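Trainee: Below are the sequence and a predicted model; questions follow.
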Amino acid sequence: MARVRVLVVEDEEAMAVGLEYALVREGYEVAVARDGAAALEALRKSAPDLVLLDVMLPRRSGFDVLAQLRRDGREVPVILLTAKNQEVDKLHGFDLGADDYVTKPFSLVELLARVRARLRRRASDAADVPEELVLGPARVDLRAMRVQLGTRTEELSLREVDMLKLLWRERGRPVSRERFLDEVWGHESFPTTRTVDQHVVKLRQKLEADPSNPVHLLTAFGVGYRLEP
Ligand code: CA
């Protein structure tokens, strides 16, 4: 089996070397890019399984790199590395499609655990969820991140795709708001259960023929939501 590839994007020498060493020791194949432009170049040439992306980079910022990556339709998991006191940046990072966030200084043990968790989730995603979901008249293309409903086509955000994958894996069973936060939003605790509700409203507008009377993305009262294909 091919080794799992991790791209480390970090300009600080000591940090880059330390991360590379730790990841190689874990058995990953590691490439290192020292600035944003080099990162985009590396991403054009190869398809890593995960990206560790520093936000504060010379030439192109980590946010620039992330935005470009998602504009190109790349779904590779991205864990952002940032300095303390960048709460606002954190939100911005998730909006741009980051999967997780680690604040410097971080413990290597914790970082490696998050890398493993992210890769595991990616593996189980790929195993269990088909690329196309059929929900009544709606056809959901998870790969293209698009919903076709009658003549209408709607784009899905990365977050919405992740919510649908989780709902699909648990189809017929309720998924709690807390579980959405844990599995879709990651370890960061700033989003509230209200965030989940807001995303469900948007998803219903895209998936349901009559969003105010949903028949597929249902409310599980007192718990969360349930998908009925
Ligand atoms: Ca930096």
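Mentor: Cool, the structure landed.
Trainee: If residue 30 is in a bridge, with which residues?
Mentor: Note on residue 30: beta-bridge partners by DSSP bridges are residue 6.
Trainee: since we're on it, how many residues are nearby?
Mentor: Residue 30: 21 surrounding residues under other C-beta atoms under 10 Å. For the C-beta atoms, the positions are set from N, CA and C on the backbone; glycine is no exception.
Trainee: Could you do residue 97 as well?
Mentor: Neighbouring residues of residue 97 were enumerated by other C-beta under 10 Å; the total is 18.
Trainee: That one is in what secondary structure piece?
Mentor: Under the criterion DSSP states H and E, no helix or strand holds residue 97.
Trainee: Now do the same contact list for it.
Mentor: With contacts taken as C-beta atoms under 8 Å, 6 or more residues apart in numbering, residue 97 has the following neighbours: 66-67, 69-70, 78, 157-159.
Trainee: Now it. Its backbone dihedrals?
Mentor: phi 110, psi 20 (degrees, to the nearest 10).
Trainee: Pretty sure residue 202 sits against residue 160.
Mentor: Yes. Under the contact definition of C-beta atoms under 8 Å, residue 202 touches residue 160, with a separation of 7.0 Å.
Trainee: Next one: the residue of the chain found nearest the ion, what pLDDT does it get?
Mentor: When you check the chain against the ion by C-beta to the ion, the closest residue turns out to be residue 56, at 3.9 Å. Predicted confidence (pLDDT) at residue 56: the value is 91.
Trainee: and it, what is it in contact with?
Mentor: With contact taken as C-beta under 8 Å, 6+ apart, residue 56 is in contact with 11, 62, 82-83.
Trainee: and this structure, what are its domains?
Mentor: With automatic domain parsing serving as the domain definition, the record reports that the chain contains domains spanning 5-127, 129-227.
Trainee: Next, find the distance separating residue 3 from residue 117.
Mentor: Look at residue 3 and residue 117: by C-beta to C-beta, to the nearest Å, they are 18 Å apart.
Trainee: and the two? which has more neighbours close in?
Mentor: Applying other C-beta under 10 Å to residue 3 and residue 117 shows that residue 117 carries more neighbours, namely 16 against 11.
Trainee: OK, contacts around residue 154?
Mentor: Taking C-beta under 8 Å, 6+ apart as the criterion, residue 154 is in contact with 146-147, 205-206.
Trainee: who wins for most neighbours among the contacts of residue 97?
Mentor: Looking at the contacts of residue 97 with neighbours defined as other C-beta under 10 Å, the largest count falls to residue 78 at 27 neighbours.
Trainee: Need the per-residue pLDDT for that one.
Mentor: So, for residue 78, pLDDT stands at 94.
Trainee: Just confirm it contacts residue 69, I think it does.
Mentor: Yes. Here residue 78 lies in contact with residue 69, judged by C-beta under 8 Å, at a distance of 7.0 Å.
Trainee: quick one: the lowest-mean-pLDDT helix or strand in the chain near the ion?
Mentor: Among the helical and strand segments of the chain, the one scoring lowest on mean pLDDT, DSSP states H and E is helix 87-95, with a mean of 75. No. Counting by C-beta under 5 Å from the ion, the ion is not contacted by helix 87-95; separation bottoms out at 12.5 Å.
Trainee: now that helix, how far from the chain's geometric center?
Mentor: With C-alpha atoms, centre = their mean, to the nearest Å as the basis, helix 87-95 stands 13 Å off its chain's centre.
Trainee: With that, I have no additional questions.
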